[in-house]
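In: Sequence unavailable; structure follows:
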C-alpha cells in the first residue's frame, strides 16, 4: 500500500489572517449553482445570516435572495467580501444589509437584530453560521484566549443571536444553526472547535423542544469539508492540498451545494421537521 496521502483538486495555499478572504482564494468558492432553479419559497421573508460575507454564509444569503427574501448579513471585518455579497443579493432584486459586528458580545447581537428589523420591518429566519477555528496538535497548545474566542464565536454568539431575535420571530419562523461533521466524528487537531460544534447540535435539539410550542422550528446543517475562506486561513498549505480528498466523493464541497439545505429548512417545505440535522458531507455516513 502507498503511504501517499490523497490529493484534493484544490491547490496548496494559505492566508495569514482569520477570518480569511474569499477574494484571495484560488479557485474562488462557488456560491451559486448554475443549475439552481428558484421557486419563490421565501417570498417576502426577512433573514439574518451570520458569517454571511463569504463561504457558506454568502451562498445561503444569495440563495435566500433568489427565493425572494431580503437578507441582512453579519460579519466581522471582511468589508470587501461583505459588499460583494450585498451586491449579489441586490442583483437578485432583493434588499441586502451588511452589518459589521463582533457577536462574541451580547450587545452586538442585540444591535444587529435591531438594525435588521428597522431596515426590513420584520424577521422570519435566523441563520447562525459564523465560526472560528485554530489548528492545534495538542490540548496543551490551546490557550485560554483561544478557547474563549472559539466558544464565544461558535456557541455564545448563537445564544446571543437567538435571544435578540426571539421577540421578533412569529409562528412559522425558523432558526438554522451551522454545526459540522466533526461534531460527530471528532477532529484531533480541532479539539475546541469540534467541542463547540457538538454543543451546536445539543443547542439545536434543546432549543427546538423549547420553541416548538411557539411555532418556531429549529434545525441545523452539518457540513463536511467545504471550500471556504475558513480553509486556507486555518490550515497549512500542504493540508489545503489534501482537503476533502478523504471523503467518499474525493473532493471538498462547494458552498452552493449546501445552500439548498438551508432553503429547505427555512421554508414551508420542512414544516414537519424540527430538532434535526441535515448532513451535507460528500457521502460520509454519520451515526448520531
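Out: Yes, it's here. Since we're looking at a predicted model, the values are computed, not measured. Numbering: from 1, shown residues only.
In: Please make it C-alpha for all contacts and neighbour counts, starting now.
Out: Will do.
In: Which secondary structure state does residue 99 sit in?
Out: strand (DSSP: H, G, I helix; E, B strand; the rest coil).
In: Could you report the separation of residue 146 from residue 133?
Out: Note on residue 146: its distance to residue 133, by Cα to Cα, to the nearest Å, is 9 Å.
In: Check residue 225 too.
Out: Distance, residue 225 to residue 133, by Cα to Cα: 14 Å.
In: What of residue 171?
Out: 34 Å.
In: out of these two, which sits in the busier spot?
Out: Using other Cα atoms under 10 Å as the criterion, residue 171 and residue 133 rank with residue 133 on top: 25 against 13.
In: who's in contact with that one?
Out: By Cα atoms under 8 Å, 6 or more residues apart in numbering, the residues touching residue 133 are 150, 190, 192-193, 234.
In: shaky segments in the stretch 1-150 of the chain?
Out: Where the stretch 1-150 of the chain drops to pLDDT under 70, the residues are 1-6.
In: ok, which stretches of it are helices?
Out: For the stretch 1-150 of the chain, the helices defined by DSSP state H, counting those that start in this stretch cover 55-66, 79-91, 106-120, 144-151.
In: could you say what helices and strands the helix ranked longest in the chain packs with?
Out: Secondary structure of the chain per DSSP state H: the longest helix is helix 191-211. In terms of contacts (3 or more Cα pairs under 8 Å, 6 or more residues apart in numbering; DSSP states H and E), helix 191-211 is packed against helix 144-151, strand 174-178, helix 182-185, strand 217-223.
In: Could you check the shortest one and say which residues are buried?
Out: It refers to helix 182-185. Using 16 or more other Cα atoms under 10 Å as the test for burial, helix 182-185 gives 182-184.
In: With stretch 232-250 instead?
Out: 232-237, 239-247, 250.
In: and these, which of them are in strands?
Out: Using DSSP state E, the subset of the buried residues of stretch 232-250 located in strands is empty.
In: out of these, who's nearest residue 83?
Out: residue 233 (20.2 Å; Cα to Cα).
In: Was I right to think the closest one contacts residue 22?
Out: No. Using Cα atoms under 8 Å, residue 233 is not in contact with residue 22; the gap is 10.2 Å.
In: For residue 231, give its distance to residue 142.
Out: Counting by Cα to Cα - residue 231 and residue 142 are separated by 19 Å.
In: These two: which has the busier surroundings?
Out: Using other Cα under 10 Å, the more surrounded residue of residue 231 and residue 142 is residue 231, with 23 against 17.
In: Quickly note the distance from the nearest residue to that one once chain neighbours are set aside to residue 233.
Out: Excluding the flanking residues, the one nearest residue 231 by Cα to Cα, 6 or more residues apart in numbering is residue 240, at 6.8 Å. Distance, residue 240 to residue 233, by Cα to Cα: 10 Å.
In: ok so, going back, need the pLDDT of the residue nearest to residue 231.
Out: Model confidence at residue 240, given as pLDDT, is 84.
In: What of the one 3 residues further on?
Out: On the pLDDT scale, residue 243 is placed at 83.
In: Find the nearest non-adjacent residue to it, please.
Out: Residue nearest to residue 243 in three dimensions, not counting chain neighbours: residue 8, with 5.4 Å by Cα to Cα, 6+ apart.
In: check contacts around that neighbour.
Out: 240-245, 250-252.
In: Then residue 98?
Out: Per Cα under 8 Å, 6+ apart, neighbours of residue 98: 72-75, 82-83, 86.
In: Can you tell me which of those is nearest residue 259?
Out: residue 73 (14.8 Å).
In: That closest one: how many residues sit nearby?
Out: Neighbours around residue 73, by other Cα under 10 Å: 26.
In: Next one: the closest residue to residue 82 other than its chain neighbours relative to residue 232, how far apart?
Out: Nearest non-adjacent residue to residue 82, counting by Cα to Cα, 6+ apart: residue 53, 4.1 Å away. Distance check for residue 53 against residue 232: by Cα to Cα, it reads 16 Å.
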